[in-house]
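[1] my questions are about this predicted structure, shown below with the sequence.
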Amino acid sequence: MFHVVDTTIFDRPLLDDLCELTTLVRTVAKAPEGARQLQQLASTKRAMLYFTQPSTRTFLSMNNACHVLGIRTSEIRNASVSSEVKGETFEDSIRTFSSYVDLIVMRTPDPGYAARAAELMDSIPRPVPIVNAGSGSDKHPTQALLDIYTLERSFEGSGGIDGKTIGMMGDLKRGRTVRSLSRLMRHYEGVKLVFIAPDTFEMEPDIKAFLNERGIPFTETGRLHEILPTLDAIYVTRIQSEHDVDNESSRVDLAPFTIGTHELGLLKKTAAIMHPLPRGPEIAVEVDEDSRAMYWRQERNGMWMRAALIAKIFDVDQQIRELASHSS
């Protein structure tokens, strides 16, 4: 594994391996000595966090995932402080970063930039891995990984993700998290998807075509209360108003697409409620106290899964397995 631009590089064995490795990283890090040993695994490496789109969770989890493995980080969080404001091309900026670091993690408001960076890296003498930490409204592969891990942990007593019915609700048209997670569902047996959204924000045709081509059943509905009792998990997303054209979000009635105390009564006792955060009114604060609310665990899982992913990129995953076996 080198670049992580989209979800196409992942198959079921790799997903299962990353989930197992994530748990091992967490386990080793619990002990002070284990945490110190983890920090020695990639202590000679450096990473650039190039985030030109606002981010809290992804930036912090990526930054701390690097620190878990002892990787030193640099950051640019606004293109206005880079030489791009002087006319430097995106490609020249990326090549400059690669002169100083061993890994570039990038998040951009426009799609396609991570792919462009990876293509450039593949053409130069000293390429470094590119990790896509979110591109436009299209792709977010590392979020999809932590979502898979959260689902697997939530269902570890009932056979994992296989055979589950998973609802995805909210702004499915512009939500890169649900798009990426939907693509990974091809690796799980018997999964059924339910897309719950207002017509304005229904899932895009490319994802529906992708699911149809692979025989993954899905349904679409705007009637949340009718479908809630059938779901094993519901993945709630906020309205992506930053992508609005002509203030379209304000013209949609979002009240029918929220989770509150009434909706909790309709969900299975074993269901999982997920959200990539940040949230708006689509999940009431009262839901936080419910045992089925997994989004704060989901957030925490992000750091550990990203540490596991970076460990695979730098080929230190076997050393983590050895540390875990010695500490058990």
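    Noted; the coordinates are in hand.
[2] tell me the pLDDT at Asp317?
    Turning to Asp317, the model gives it a pLDDT of 97.
[3] and Ser135, by the same measure?
    Here, the pLDDT recorded for Ser135 equals 87.
[4] repeat for Pro109
    Looking at Pro109, its pLDDT reads 88.
[5] may I have the residues that are in contact with the nearest residue to it once chain neighbours are set aside?
    Excluding the flanking residues, the one nearest Pro109 by C-beta to C-beta, 6 or more residues apart in numbering is Gln53, at 4.4 Å. For every residue, glycine as well, the C-beta is placed using N, CA and C. Taking C-beta atoms under 8 Å, 6 or more residues apart in numbering as the criterion, Gln53 is in contact with 107-109, 134.
[6] try it again at 10 Å.
    When contacts are counted by C-beta atoms under 10 Å, 6 or more residues apart in numbering, Gln53 touches 59, 77-79, 106-110, 133-136, 242.
[7] of those, which belong to strands?
    Restricting the contacts of Gln53 to those inside strands, with DSSP state E as the criterion, leaves 106-108, 133-135.
[8] shaky segments in the protein?
    Along the chain, the model assigns pLDDT under 70 to residues 79-86, 240-251, 328.
[9] would you map the strands across the stretch 101-250 of the chain?
    Using DSSP state E, counting those that start in this stretch, the strands of the stretch 101-250 of the chain run over 103-108, 130-135, 165-169, 192-196, 218-221, 233-236.
[10] closest to Pro13 out of these?
    When the strands of the stretch 101-250 of the chain are compared by C-beta to C-beta, strand 130-135 sits nearest Pro13, at 20.4 Å.
[11] helices or strands next to that closest one in the packing?
    The helices and strands touching strand 130-135, judged by 3 or more C-beta pairs under 10 Å, 6 or more residues apart in numbering; DSSP states H and E, are strand 46-51, helix 57-68, strand 103-108, helix 113-121, helix 141-154, helix 176-184, helix 295-313.
[12] want to throw these into CSV with mean neighbour count and distance to Lys208?
    Shown next, in CSV, are those (neighbours: other C-beta atoms under 10 Å; distance: least, C-beta to C-beta, whole Å):
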stretch, mean neighbour count, distance to Lys208
strand 46-51, 22, 31
helix 57-68, 20, 26
strand 103-108, 24, 25
helix 113-121, 20, 23
helix 141-154, 25, 17
helix 176-184, 24, 9
helix 295-313, 22, 25
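[13] make TSV from the ones you listed and add distance to Val25 to it.
    Written out in TSV, the entries for the helices and strands packed on strand 130-135 read as follows (distance: least, C-beta to C-beta, whole Å):
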stretch	distance to Val25
strand 46-51	17
helix 57-68	7
strand 103-108	17
helix 113-121	24
helix 141-154	11
helix 176-184	20
helix 295-313	5
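[14] for Thr89, which of these is the nearest?
    helix 113-121 (10.2 Å).
[15] any idea how far the closest one is from the middle of the chain?
    Counting by C-alpha atoms, centre = their mean, to the nearest Å, helix 113-121 is centred 19 Å from the centre of its parent chain.
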